[in-house]
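Visitor: predicted model and sequence follow; I will ask about them next.
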Amino acid sequence: MLSFLAPLSISLAFLAGVRPPVTAARARIVATAPEQATEAKPAVKPAAADWLPLGKYRFSDDTVGSGAQPAEGDVVVLHYSVKFASGEELGSSRGRFPLTFALGKHDVEIFADALRGSFESGAEPMKIGGRRRVQVRWNQIPPLQRPNVPKDQEGEPLVVDLELVRVETGALAQLIS
């Protein structure tokens, strides 16, 4: 492949959901969970009544990460799973490629809010290696997504599990954003 086409192939691979090959031309990785999050601390799992406020959602931290916190414009890489409160899974990135997006530009609202935290409620931003569980009430599910919910589970809240895998900056972050 001609070297001047490399950025185009990386962006097309991203749009198609395919991970581009690791080359020297790719941006440096600021931190990754295994290398930077060496002292991840298990959090105390709150009972249902002890969920903490996170803006318009509620959350609990299963693991408090010890790596870097993402900033606006950084590219975040995370694994997620979305389940009903009853435990039935709707979707997950586990066993596939993690979700990658530029924070503040290509946000999935629920994921971005969970990553940023909430100054008003005292929820710290997530750190690399952190695992956060977010509870989304039925009326907070985006209206365009509600038709995807089976009729017998309408009204049931969702539980979104997130794990911040890494944060990327540099040329790749600029390319994706």
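Guide: On my side now, so go ahead.

Visitor: for the protein, which segments count as helices?
Guide: 6-15, 33-36, 109-116, 171-176 (DSSP state H).

Visitor: which of these has the lowest mean pLDDT?
Guide: Across these, helix 6-15 has the smallest mean pLDDT, namely a mean of 36.

Visitor: so, low pLDDT: which residues of this structure?
Guide: Within the chain, the stretches with pLDDT under 70 are 1-50, 107, 118-122, 171-177.

Visitor: tell me the contacts of residue 110?
Guide: Residue 110 makes contact with 57, 134, 136, 160 under the criterion CB atoms under 8 Å, 6 or more residues apart in numbering. For every residue, glycine as well, the C-beta is placed using N, CA and C.

Visitor: inside strands: which ones of the residues you listed?
Guide: Among the contacts of residue 110, the members falling in strands (DSSP state E) are 57, 134, 136, 160.

Visitor: narrow those to just the buried residues.
Guide: Buried by 16 or more other CB atoms under 10 Å: 57, 134, 136, 160, out of the ones in strands among the contacts of residue 110.

Visitor: quick one: the strands in the protein?
Guide: Going by DSSP E, the chain shows strands at 29-32, 41-42, 52-54, 57-64, 75-84, 89-92, 99-102, 131-136, 158-168.

Visitor: let's have the ones you listed in TSV, adding distance to residue 114.
Guide: Rendered in TSV, the data for the strands of the chain read as follows (distance: least, CB to CB, whole Å):
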stretch	distance to residue 114
strand 29-32	18
strand 41-42	18
strand 52-54	7
strand 57-64	7
strand 75-84	9
strand 89-92	16
strand 99-102	12
strand 131-136	5
strand 158-168	6
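
Visitor: can you say which of those strands is nearest to residue 108?
Guide: strand 99-102 (6.8 Å; CB to CB).

Visitor: put the alpha carbons of that closest one into CSV.
Guide: The C-alpha trace of strand 99-102 is given here as CSV (Å, rounded to 0.1, in the frame of the first residue of the first chain):
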residue,chain,number,x,y,z
LEU,A,99,-16.1,0.4,21.3
THR,A,100,-13.9,3.3,20.3
PHE,A,101,-15.0,7.0,20.1
ALA,A,102,-13.7,10.5,20.5
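
Visitor: good, we can wrap up now.
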